[in-house]
Every structure is written in C-alpha cells, then in structure tokens.
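Q: Can you look at this prediction? I've put the sequence above it.
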Amino acid sequence: MVNIHVEVKDDIWMAFKSYVLAKYGKLHGVLGREVSKALEEYLTHSHEEHTRKFEQQIFKLNRKQHSLLLYILDFCEICNSDIENFIKFKMGFIDRRTIKKYVQFLLENKFITPKKALHGKNVIYTVNKGRILSILKEFLDMTNWIWLNPKSRQLEWNTNAFNFILIFCKIRYKASINFRHSKPFPSLVKAIKRFLQKRK
C-alpha cells in the first residue's frame with residue numbers, strides 16, 4: 001500500500017465522497033479502498049477503449065495508407081521531402097492539401113516523429129518501425145481473408161485484405177501477384193508475417 005497526495009476538483013471529490021458514504025454509510029476505512037477500485041476500473045476501461053480504437057484504426061486503413069506505411073518502413077529516418085515525393089509520384093496525388101493530409105496521418109498516429117528541421121521547410125523524421133509493424137501484423141492476424149457473400153452465397157476474398165497483399169508484394173517483392181489460383185494465398189500470408197517478424 002502507498003499513500004498518495006493529489007489535487008482534484010472540489011465538486012468531483014465531494015461527489016465521490018457522497019457516493020462512498022451512500023454505499024457504506026461511512027467514510028473511514030473504505031474511502032481509500034474505493035479510490036483504489038475507481039483507479040483500477042479506469043485503467044481497465046482505458047485499456048479496452050485503447051484496444052478498440054487500435055482495432056478500428058487497423059481496419060480503417062486504406063490501400064494508399066498501407067502503401068505509405070510499407071514505404072517508410074525501409075527507413076530509420078526520413079525527410080519530409082522524400083515522403084511528399086512518394087505521395088506525389090508513387091501514390092499519384094499532386095494536390096498540396098492531399099499530400100499534407102497523408103503526412104498528417106503519419107504524424108497523428110505517431111508513425112513518424114520530428115527529429116530536426118533542415119534548410120527551408122524540410123524536416124527529418126524518425127520512423128517508428130515498431131508501431132508500423134504492430135499495425136501491419138495486427139491487420140494480418142485479425143483480418144478475415146474470406147467472407148460469405150450474402151447475395152451469391154459464395155465464398156469471396158476480403159477486398160481490403162486482398163489489396164493489402166497486392167500492395168505488399170508490389171513494394172516489398174517488386175512483383176505483381178496473380179491471384180487467379182487461391183492455393184498459394186495462405187502461404188503468401190505466412191511469408192509476409194515472417195518478413196514482418198524479421199524486421200523487429
């Protein structure tokens with residue numbers, strides 16, 4: 001057990017004490033225990049919320065974002081100009097607002113962090129490879145590669161997952177993959193998982 005001293009708003013503390021008093025009919029001997037329970041519940045809830053948001057983030061990534069993540073994964077540090085050139089010439093976006101949006105996507109999700117400013121507006125970023133790898137591996141682990149089409153009642157490939165594999169092969173293996181035959185698909189997924197594991 002530890003003694004803690006923290007500052008909280010008066011109304012919140014009074015409301016909490018009123019809750020404990022109503023629950024036990026006293027404060028002595030139970031107030032600290034209820035504070036501990038409240039902190040434990042908060043931590044549990046926060047972890048579940050973080051996990052939920054993380055999972056949502058994985059499934060919301062589009063093929064362009066996958067492409068960008070796989071590109072910067074090759075670098076420990078990268079210049080802003082290199083990221084912008086990839087977005088412009090490889091992803092096909094020339095609008096400044098769109099380019100800025102994709103750079104902001106990397107920054108907001110902490111895939112890159114500013115290290116130092118260069119001449120002009122250029123910046124060197126540190127690439128958070130661990131975070132990128134965790135996102136990509138979670139995507140591979142959690143995605144249902146095949147789903148049942150309710151209209152045709154036929155099993156079909158998950159388009160989002162399918163696009164990710166195509167992008168991965170194009171950027172990583174410098175090759176286009178023909179998926180007319182489904183048998184190689186599971187082994188390819190395993191190969192990609194091994195590749196990501198080795199990048200740690």
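A: Okay, I see it. Numbers count the residues shown, from 1 in each chain.
Q: Without its sequence neighbours, what residue ends up closest to Val73?
A: I think there's a mix-up here, since residue 73 is Leu and not Val. Nearest residue to Leu73 in three dimensions, chain neighbours excluded: Ile132, at 5.4 Å (C-beta to C-beta, 6 or more residues apart in numbering). From N, CA and C alone the C-beta is placed, and that goes for glycine too.
Q: Also Phe75?
A: Val127 (5.1 Å).
Q: For the one you found, name its beta-bridge partners.
A: Ile112 (DSSP bridges).
Q: So it is in contact with Cys76, correct?
A: Yes. Val127 is within contact range of Cys76, at 5.9 Å (criterion: C-beta atoms under 8 Å).
Q: higher neighbour count, those two?
A: Val127 (21 against 7; other C-beta atoms under 10 Å).
Q: just to revisit the earlier point, distance of the residue nearest to Leu73 from Lys116?
A: 21 Å (C-beta to C-beta, to the nearest Å).
Q: Neighbour count: those two, which is higher?
A: The neighbour comparison of Ile132 against Lys116 (other C-beta under 10 Å) goes to Ile132, with 22 against 9.
Q: dump the residue contacts of the more buried one.
A: Applying C-beta atoms under 8 Å, 6 or more residues apart in numbering to Ile132 gives the contacts Leu69, Ile72, Leu73, Phe111.
Q: Return the subset of those lying in strands.
A: The members of these all map outside strands under DSSP state E.
Q: ok, those vs Arg96, which is closest?
A: Nearest to Arg96 among these is Ile72, at 19.7 Å by C-beta to C-beta.
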